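Undergrad: A predicted structure for the sequence below; I have some questions about it.
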Amino acid sequence: MNFDLKTTDPKSQARAGTITTDHGVIETPIFMPVGTVGTVKGVHQTELKNEINPDIILGNTYHLYLRPKLDILEQAGGLHQFMNWNRNILTDSGGYQVYSLSGRRKINEEGVKFKSHIDGSTHFFTPENVMETQRTIGADIIMAFDECTPYPCDYNYAKRSMHMTHRWLDRCINHLKKLPFKYGFEQTFMPIVQGSTYKDLRKQSAEYIANSNQQANAIGGLSVGEPAEEMYAMTEVVTAILPEDKPRYLMGVGTPINILENIALGIDMFDCVMPTRNARNGMLFTAHGTINIKNKKWENDFSPIDEMGITYVDTMYSKAYLKHLFSAKEMLGKQIASIHNLGFYVWLTREARKHILAGDFRAWKDKMVIQMDKRL
């Protein structure tokens, strides 16, 4: 992997760059649609490529490990071949999913014992076998195995967890040295900064991760319920320490406003299930605010879903038609809303990039934050 930092905004820490891997170029800042089990929910690959048009999507190690299972993925030639996606893929390590299982898992120094949410079968993740799993899945960017702490989190627990995450990181790095690449292309490994919402722990963790000298770095354990101000404060602490010449990925974030504010703090990569999850519940994101398409006010509004026309669905269908589909509980309504929201998120990060390159990102960002904070 190669990262080329093109420019930094003069009035913020926002950056525009390019990441080049064996599967192509990723222009940053970038939003990565979440394709948990080898599919971006409700969106056909053709629409994903041609309309939403992201440079990279995300897959989930925990879910892909459970199904279709690793032997199927290996027989298929890896996740790219299995799902017919010839652009970049990032896989998370499963640490967040294990965290979310709460009562179904036990964590110790060796790893995490957990029960499948599908059939209750017992499994054990370690830093070593998670690296092997991600080699088999075959993503372009793979993540360290970490523990994602909850919010709120006791300081002593957060500290113990952070140090264990660091020890797990060392085990991941050591084991990866023994594992050859599969499928004819290389993988980039990302360690993860933890430390909950404690400034001193975040600082320690960022220094440890920076000193591991990997090709890219990630920030985890945020967007788990903490106020946005705490998220921004922790991000600012970490980006001041992580090296400028490597990509920075803020995991699981967030709303369109969260994304713009974190771009301003120096973050390059984002993922979140919010655009598709909210779409399935009838919430649409636009540059002028959010729309609840289920509201009665839209039933005779025959204007386009979004007159900006970010994707083909925005001008092809009216708000009235989309409201009708949701009222009738038609699957197409959720699909249209998902395409729109994902298209908007990708458009938003690409617009941010344009304004960073033009040198006026800060003014544009401040205007967009005010506009997007409205309910239409």
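TA: Nice, I can see it. Numbers count the residues shown, from 1 in each chain.

Undergrad: where do the helices sit along the stretch 201-350 of the chain?
TA: All helices of the stretch 201-350 of the chain, identified by DSSP state H, counting those that start in this stretch, fall at 228-239, 256-264, 274-280, 312-316, 319-327, 331-358.

Undergrad: can you list the ones you listed in TSV and add mean pLDDT and distance to K113?
TA: In short, each C-beta sits where N, CA and C put it, glycine included. Below are the helices of the stretch 201-350 of the chain laid out as TSV (pLDDT from 0 to 100; distance: least, CB to CB, whole Å):
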stretch	mean pLDDT	distance to K113
helix 228-239	98	29
helix 256-264	98	33
helix 274-280	98	28
helix 312-316	97	44
helix 319-327	98	41
helix 331-358	98	35
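
Undergrad: is it possible to get JSON lines of those helices that adds distance to V43 and mean neighbour count?
TA: Converted to JSON lines, the helices of the stretch 201-350 of the chain look like this (distance: least, CB to CB, whole Å; neighbours: other CB atoms under 10 Å):
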{"stretch": "helix 228-239", "distance to V43": "27", "mean neighbour count": "19"}
{"stretch": "helix 256-264", "distance to V43": "18", "mean neighbour count": "23"}
{"stretch": "helix 274-280", "distance to V43": "8", "mean neighbour count": "21"}
{"stretch": "helix 312-316", "distance to V43": "11", "mean neighbour count": "17"}
{"stretch": "helix 319-327", "distance to V43": "16", "mean neighbour count": "19"}
{"stretch": "helix 331-358", "distance to V43": "6", "mean neighbour count": "22"}
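
Undergrad: ends of stretch 208-216, what's the gap?
TA: Its start and end residues considered, stretch 208-216 measures 13 Å (CA to CA, to the nearest Å).

Undergrad: give the buried residues for it.
TA: The neighbour-count check on stretch 208-216 (16 or more other CB atoms under 10 Å) flags Y208, I209, A210, S212, Q214, Q215, A216 as buried.

Undergrad: cool, and stretch 103-122?
TA: Across stretch 103-122, burial judged by 16+ other CB under 10 Å covers R105, G111, V112, F114.

Undergrad: wait, doesn't the second one sit right on H123?
TA: Read that as G111. No: at 10.0 Å, G111 and H123 do not qualify as touching, with contact defined as CB atoms under 8 Å.

Undergrad: ok so, going back, which of the buried residues of stretch 103-122 fall within strands?
TA: If you go by DSSP state E, the buried residues of stretch 103-122 have R105, V112, F114 in strands.

Undergrad: list the buried residues in stretch 28-42.
TA: For stretch 28-42, by 16+ other CB under 10 Å, it's 28-36, 38-42.
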